[in-house]
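Q: coords please:
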Amino acid sequence: MKVFVCRKIPAAGLDKITAACEADIWEGDLPPTQDQLAQRVRGVDGIVSLVTDKIDGDIMDTAGKQLKIISQMAVGVDNIDIQAAKARGIKVGNTPGVLTDATADLAFALLLALTRRIVEGVDYVRAGRWKTWGPELLLGPDLRGATLGIIGLGRIGKAVARRAFGFEMRILAHSIDLTPDEAAEVHAQTVDLESLLHESDFVTIHTPYTPETHHLMNRERLQMMKPTGLLINTARGPIVDQKALIEALQNKIIGGAALDVTDPEPIPMNDPLLTMPNVIVVPHIGSASIQTRNRMAEMAAENLIAGLRGEKLPNPVTE
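A: Numbering: from 1, shown residues only. Okay, the predicted model is just below:
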């Protein structure tokens, strides 16, 4: 069996793959281009993909009819044409659950960094501007008693809610098919999206990226937030209309933003967001803990090997 691994992944998973089959591993730090991807997948039985790899019907056809499995080392699979895979009888697997706490930790870390102005403080010291203690130096809002709005109360959203409860925050949640009882389990109150945006001091996004959530946070919805409101996005970049976000920040419609994901990725170095002191941008590191990435690699390997053997995937997106 031959497989193409679209990037070098942690040894916890890669060793399992190389022990089970003939593996062609992309060694570059940057992902393969579509042309490079097409060249390397010809004749393979399986593909291990990342969120940076566009696996569409053309790539599947280029690989050939023997392609059995696409194993994604991520939870989200919006880079894979799922319908095209189903039509060709190709199984798709992902790595759910394991990155819940790591991503929730980062979302909360970004919230704390934004409210306590950590990055601004580091820059202040490094620029040699720290001359004395100041009673009004780099003040920010408290978390205790503030209202946190969570858009998308799935696994990660619920994990964020549990952390917010520990900080004695009021928690509002908006999610498709979310019941009040389910929200109450994590001390959250269900509300419509408009109410969440109007009432929240901080808004954090944890909904999947779908056609329905594309630019969910557009100009109109950003204007519903408080002028002091802070937006955190650790889900997918295109859920936020980035042009509208820049305008909202420049016009003081909202108070700040922290982004683990952008549109596009990586963010261009001339993007205005990178010049704003009330904005934090980090390079899509939501799942970047050692234990989490090792387990994601293991799960990707397990899905791949099961698919190659014609067995049920441990974590299927399609059957």
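Q: and the residue nearest the centre of this structure?
A: By Cα atoms, centre = their mean, the chain has its centre lying nearest to A235, at 3.5 Å.
Q: is it true that it lies in a strand?
A: No. Counting by DSSP: H, G, I helix; E, B strand; the rest coil, A235 is located in no strand; its state is coil.
Q: contacts only, for it.
A: G152, I205, H206, T207, P208, Y209, V261 (Cβ atoms under 8 Å, 6 or more residues apart in numbering). In this view, the C-beta of every residue, glycine as well, is placed from N, C-alpha and C.
Q: cool, and T115?
A: T115 neighbours (Cβ under 8 Å, 6+ apart): G140, P141, D142, L143, F202, L230.
Q: identify the farthest-apart pair in these.
A: Maximum pairwise distance among the contacts of T115 (Cβ to Cβ): 12.6 Å, between D142 and L230.
Q: so between these two, which is more surrounded?
A: L230 (26 against 12; other Cβ atoms under 10 Å).
Q: confidence score at the more buried one?
A: L230 is assigned a pLDDT of 98 by the prediction.
Q: got it, and L178?
A: So, for L178, pLDDT stands at 89.
Q: okay, now it: neighbour count?
A: L178 has 17 nearby residues by other Cβ under 10 Å.
Q: now swap in G28 and tell me
A: 10.
Q: ok, so what distance separates it from Q36?
A: 9 Å (Cβ to Cβ, to the nearest Å).
Q: hmm, back to that, which one of the contacts of A235 is nearest N79?
A: The closest of the contacts of A235, once distances to N79 are taken by Cβ to Cβ, is Y209, at 9.9 Å.
Q: correct me, but the closest one touches A74?
A: No. Using Cβ atoms under 8 Å, Y209 makes no contact with A74, being 11.6 Å away.
Q: name the helix or strand for the nearest residue to G57 once chain neighbours are set aside, please.
A: The shortest distance from G57 to any non-neighbouring residue, by Cβ to Cβ, 6 or more residues apart in numbering, is to A84 (3.7 Å). A84 is part of helix 82-87 when elements are defined by DSSP states H and E.
Q: buried set for that helix?
A: Buried residues in helix 82-87, counted by 16 or more other Cβ atoms under 10 Å: A84, A85.
Q: for stretch 150-170, same thing?
A: Within stretch 150-170, the residues that qualify as buried are 150-164, 167, 169-170, counting by 16+ other Cβ under 10 Å.
Q: and the contacts of T115 as CSV, adding distance to Y124?
A: Formatted as CSV, the contacts of T115 follow (distance: Cβ to Cβ, whole Å):
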residue, distance to Y124
G140, 13
P141, 18
D142, 21
L143, 21
F202, 23
L230, 19
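Q: how about the helix or strand bottoming out on mean pLDDT in the chain: buried residues?
A: Ranked by mean pLDDT, DSSP states H and E, the weakest helix or strand in the chain is helix 180-184, scoring a mean of 95. By 16+ other Cβ under 10 Å, the buried positions in helix 180-184 come out as A183.
Q: show me what it is packed against.
A: If contacts are counted by 3 or more Cβ pairs under 8 Å, 6 or more residues apart in numbering; DSSP states H and E, helix 180-184 sits against strand 188-190.
Q: what about the strand it packs on, distance to the chain center?
A: From the chain centre to the centre of strand 188-190 is a distance of 23 Å (Cα atoms, centre = their mean, to the nearest Å).
Q: and the next element down the chain from that strand?
A: Next along the chain after strand 188-190, taking DSSP H and E as the criterion, comes helix 193-199.
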